[in-house]
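S.K.: give me a model of this one.
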Amino acid sequence: MSLIKLNNITKTYQMGEVEVNALKGVDLELKKGSFISFVGPSGSGKTTLLNLIGCLDKPTTGEVFINDVKINRLDRKQAAKFRGENIGFIFQNFNLMPVLTVYENVEYPLIMVQNVPLDERKKRILELLKKVGMIDQKDKYPNQISGGQKQRVAVARALVSNPKLVLADEPTANLDHESAFKVMGIMHQMKNEFGTTFIFSTHDMKIVGEAEIVYTLEDGIITGKKIQEGEN
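M.R.: Down below sits the predicted model:
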């Protein structure tokens, strides 16, 4: 069953007097529970595509559906609510709050977006921190842990609200080789356990190999689709 549908999507930005066509007539349909990568050079449209799917931006023309909801028609308040209830984000620079502990960083989405009772919050947070191997670091602050550990915390934070979809823009760009593969392994584990759909962008061709389906973008167009070993 499809989770995401994009119909004839275009996205145009005005850069001074220059018009930039970031996406040009993109059609895409992605199944629930997929592990997908967008690859392509800088400026190919990867981040723009993630932002549209993530309800962070709207297309210039075309329609974006997630779980049959036409998200490009949502106003700002509706879009924020939809993101909070359906989408988790993992960022290249981790985006952890330095004044919060590991535990508090994972807890933050539940406090800000969802009215989850304290006991349920605690259960979810501790369970996820255990799964990502960070339970023993829960009282530390971001400046006290490594980059790989920060990204594990970011994965837990993205999953704590039980999203249907997790989007990750270059999630391993600031990690060493070993940490990058550990983070990807955790994401695979979470996908298999919870049925979460993961979509990530990357320049790293070794990391691309971790995806089940790879879409190649060039100049705002999807130029290729590769189904990799292990995907039905």
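S.K.: got the buried residues for the worst-scoring helix or strand of the chain on mean pLDDT?
M.R.: Lowest on mean pLDDT, DSSP states H and E among the helices and strands of the chain sits helix 205-208, with a mean of 88. Residues of helix 205-208 classed as buried: Ile207, Val208 (neighbour count, 16 or more other CB atoms under 10 Å). Where you see a C-beta, it was placed from the backbone N, CA and C, and this is true even at glycine.
S.K.: so which elements touch that helix?
M.R.: Applying 3 or more CB pairs under 8 Å, 6 or more residues apart in numbering; DSSP states H and E, one finds that helix 205-208 makes contact with strand 35-39, helix 177-194.
S.K.: how would you label the spatially most central residue of the chain: helix, strand or coil?
M.R.: The centroid of the chain falls nearest to Leu167 when counting by CA atoms, centre = their mean (1.1 Å). Under the three-state scheme (DSSP: H, G, I helix; E, B strand; the rest coil), Leu167 adopts strand.
S.K.: how about the helices of this structure, start to end?
M.R.: For the chain, helices defined by DSSP state H occupy the ranges 46-53, 76-86, 102-112, 118-131, 147-159, 177-194, 205-208.
S.K.: rewinding a little: can you list the helices and strands packed on helix 205-208 in a markdown table and add mean neighbour count?
M.R.: Putting the helices and strands packed on helix 205-208 into a markdown table (neighbours: other CB atoms under 10 Å) gives the following:
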| stretch | mean neighbour count |
| --- | --- |
| strand 35-39 | 22 |
| helix 177-194 | 17 |
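S.K.: for Lys226, which of those is the nearest?
M.R.: Lys226 sits nearest to strand 35-39 of all these, at 9.3 Å, using CB to CB.
S.K.: what comes into contact with stretch 76-87?
M.R.: Applying CB atoms under 8 Å, 6 or more residues apart in numbering, the external contacts of stretch 76-87 come out as 54-56, 66-67, 69, 71, 74, 109, 112-114, 161, 163-167.
S.K.: and the residues you listed, which are buried?
M.R.: In these, the ones that pass as buried (16+ other CB under 10 Å) are 54-56, 66, 71, 74, 109, 161, 163-167.
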